[in-house]
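K.L.:
can't give you the sequence, but here's the structure:
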Ligand code: F6R
């Protein structure tokens, strides 16, 4: 059983506020901190809250660095479904973070290995991730680390599971347009973060959260590795609360 802090909130909006408090505290105490960021539906209330707090002068992103978890293979940063585009639209364009201080894996790289290594190196040169934000997939994936027979260490290319492509097709015109592969930080990259904050809302996340928190640690449920991380906070709404 995980020793994580599990915070139950009423709804996604409250989740956004509680998570934003953690970001605000970190940025105030360490203005040049390194954030690990996620895309998807779950972090949206948090990003809205961060934008509001930045506009209100409560959070200053001018020295913050950020590294995103993942990106679809083949999509350019200006493709509306790319994760770079998502981050620009939902956070970066609305706060005072410097463009050169934001990194997302390059979906159009021609040299996968070099890109993945450079990604890890940049995070290392920044001094490592202070706070890693995660959502969780229905199959327990974090980033795009899908269930498999091992825990991948570093940033790498992955084939996407059908369940993940189906879950993400809501953003595309059809399932055929959903990429079949992606680049993602590894489980090792995530586990190296000093602090992990996982956000999950909705009844459809309850079962996988239970397995993550209370089931065996197994690469078949990638998020279960978080049971071995010393500083994990899970913020979930009443519908997703698994305990
Ligand atoms: C996105 C990511 C994914 C999502 C997960 C949950 O960068 O890394 O692991 O966090 O697929 O997605 P939502 O929040 O849309 O349910």
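P.N.:
On my side now, so go ahead. Remember, it's a predicted structure, so these values are computed and weren't measured experimentally. Numbers count the residues shown, from 1 in each chain.

K.L.:
The closest residue to the ligand within the chain and residue 113, how far apart?
P.N.:
Going by C-beta to the nearest ligand atom, the ligand is nearest to residue 135 of the chain, at 2.4 Å. In this view, the C-beta of every residue, glycine as well, is placed from N, C-alpha and C. Applying C-beta to C-beta, to the nearest Å, one obtains 27 Å for the distance of residue 135 from residue 113.

K.L.:
what's near enough to touch the closest residue to the residue of the chain closest to the ligand other than its chain neighbours?
P.N.:
Excluding its sequence neighbours, the residue lying closest to residue 135 (C-beta to C-beta, 6 or more residues apart in numbering) is residue 42, at 3.9 Å. Neighbouring residues of residue 42 by C-beta atoms under 8 Å, 6 or more residues apart in numbering: 12, 135, 136, 199, 200, 201.

K.L.:
Farthest pair within those residues?
P.N.:
Spanning the widest gap among the contacts of residue 42 are 12 and 136, at 14.3 Å by C-beta to C-beta.

K.L.:
And the two? Which one has more around it.
P.N.:
With neighbours defined as other C-beta atoms under 10 Å, residue 12 and residue 136 compare such that residue 136 has more, 26 against 23.

K.L.:
Touching, that one and residue 201? I think so.
P.N.:
No. With contact defined as C-beta atoms under 8 Å, residue 136 does not reach residue 201; the gap is 10.4 Å.

K.L.:
Going along the chain, name the helices of the chain.
P.N.:
12-29, 44-55, 83-90, 112-125, 162-168, 187-191, 206-214 (DSSP state H).

K.L.:
TSV for these, including mean pLDDT and distance to residue 63?
P.N.:
Below are those laid out as TSV (pLDDT from 0 to 100; distance: least, C-beta to C-beta, whole Å):
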stretch	mean pLDDT	distance to residue 63
helix 12-29	98	9
helix 44-55	98	13
helix 83-90	98	18
helix 112-125	98	15
helix 162-168	88	33
helix 187-191	98	22
helix 206-214	97	33
